[in-house]
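Chemist: coords below, sequence missing:
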């Protein structure tokens, strides 16, 4: 993959200006004139190979130097090395230059510039650039958001066995983003990426097998993929392994389980909460882990597990857990909406706040009860208790 520019100074009877990769893409017409005569393309290509010596530095050497510069933290130098090669039409350099613009490494952070370089490389069929460009179209960064175009690019890269593109297609079908939701198709794409040792895809495959989504439920296969995801660096898989084994009764979940210890020492916050729960049934840790499952920040969102951890904390008088359960039933997060259940949990939260003399929060629970069950006496009774003589306002 190289570019050549020879002028009359090199040979007074020859003028050649050519971008080799773009020639191969058949997007540019090229002829070679010697003494006014025109020659066919195959002869031009042969001539280019013979004239490769005037094409400048070896592209592989330049790319190797750029990679070394990045590893050494010399990001600006990497950009300086890549730009001439990218401008000459080298798809690898174009893709990597796009990454530098997208991440702001050694170059100004610029999604539009990244998009332009990815497009040049993608037009040459370079899978990595197609995957990167697809992600920009999917997220609407540097170009107008276009899930359909993103899908086309992901597929073009995926059929070239690009694991990132295969994983992204799985996500699109799993969540129904830009396509009709289809767990079976999602599982298929995740499996393709998982076989390339993509830890994220291996985790998704594991969860789909464990939950029986997109096909039959297979706990053994799910745990096998979970082990592989952990082995390939997924801290979330490290977290899930002891949790799932404990839930299934296969073995007792322990705070010193090696996978959990590894995740905790690596700073994976949910692992810290789970270890605290296993050591002391800490209600604060139960509540915090419930939030992790509910919000899906570091863990896959799982309303059922969130509810279970909130229940454990609520049984120990944790008012925030009671409040969270009230919201779950009020808004139907993973359960059918139930105003009566929501009112019950809001009432318990209010009573706990009242015991702690947190008057404003208790009043908020009285208002929540009135919102979900306007005719219920529970809200009025709670408010009367709060406003009773002798009630001290929390500082």
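Modeler: Looks like it came in fine. Being a predicted model, the structure only gives us computed values, none of them experimental.

Chemist: any idea how far residue 170 is from residue 300?
Modeler: 13 Å (C-beta to C-beta, to the nearest Å). Quick note: C-beta positions are derived from backbone N, CA and C, even for glycine.

Chemist: pLDDT weak spots in the stretch 251-395 of the chain?
Modeler: Applying pLDDT under 70 to the stretch 251-395 of the chain flags residues 389-395.

Chemist: at 80 instead, please
Modeler: 251, 388-395 (pLDDT under 80).

Chemist: residue boundaries of the helices in the stretch 251-395 of the chain?
Modeler: 258-265, 269-280, 283-295, 303-314, 319-331, 339-355, 359-372, 377-387 (DSSP state H, counting those that start in this stretch).

Chemist: Surely residue 102 is in contact with residue 108?
Modeler: No. Counting by C-beta atoms under 8 Å, residue 102 sits too far from residue 108 to count as a contact (11.0 Å).

Chemist: Those two: who's more crowded?
Modeler: Neighbour count, other C-beta atoms under 10 Å: between residue 102 and residue 108, residue 102 has more, with 22 against 9.

Chemist: where's the more buried one, which helix or strand?
Modeler: In this structure, residue 102 sits in helix 91-103 according to DSSP states H and E.

Chemist: what's the helix or strand following that helix packed up against?
Modeler: Using DSSP H and E, the helix or strand that follows helix 91-103 towards the C-terminus is helix 111-122. In terms of contacts (3 or more C-beta pairs under 8 Å, 6 or more residues apart in numbering; DSSP states H and E), helix 111-122 is packed against helix 91-103, helix 127-139.

Chemist: Including distance to residue 221 and mean pLDDT, could those helices go into a markdown table?
Modeler: Putting those into a markdown table (distance: least, C-beta to C-beta, whole Å; pLDDT from 0 to 100) gives the following:
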| stretch | distance to residue 221 | mean pLDDT |
| --- | --- | --- |
| helix 91-103 | 35 | 97 |
| helix 127-139 | 27 | 97 |
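
Chemist: This structure - how does it break down into domains?
Modeler: Listed by automatic domain parsing, the domain ranges of the chain are 3-54, 318-395.

Chemist: one step back: neighbour-wise, which of residue 300 and residue 170 wins?
Modeler: residue 170 (30 against 13).

Chemist: For the residue nearest to residue 278 when sequence neighbours are not counted, give me its contacts.
Modeler: Distances taken as C-beta to C-beta, 6 or more residues apart in numbering place residue 255 nearest to residue 278, at 4.2 Å, with adjacent residues excluded. Residue 255 makes contacts with 274-275, 278-279, as judged by C-beta atoms under 8 Å, 6 or more residues apart in numbering.

Chemist: Which of those ranks first by neighbour count?
Modeler: residue 274 (27 neighbours).

Chemist: That residue and residue 290: what is the separation?
Modeler: For residue 274 relative to residue 290 (C-beta to C-beta), the value is 11 Å.

Chemist: Check residue 13 and give its pLDDT.
Modeler: Note for residue 13: predicted pLDDT of 28.

Chemist: Count the neighbours of residue 149 for me.
Modeler: Residue 149 has 17 nearby residues by other C-beta under 10 Å.
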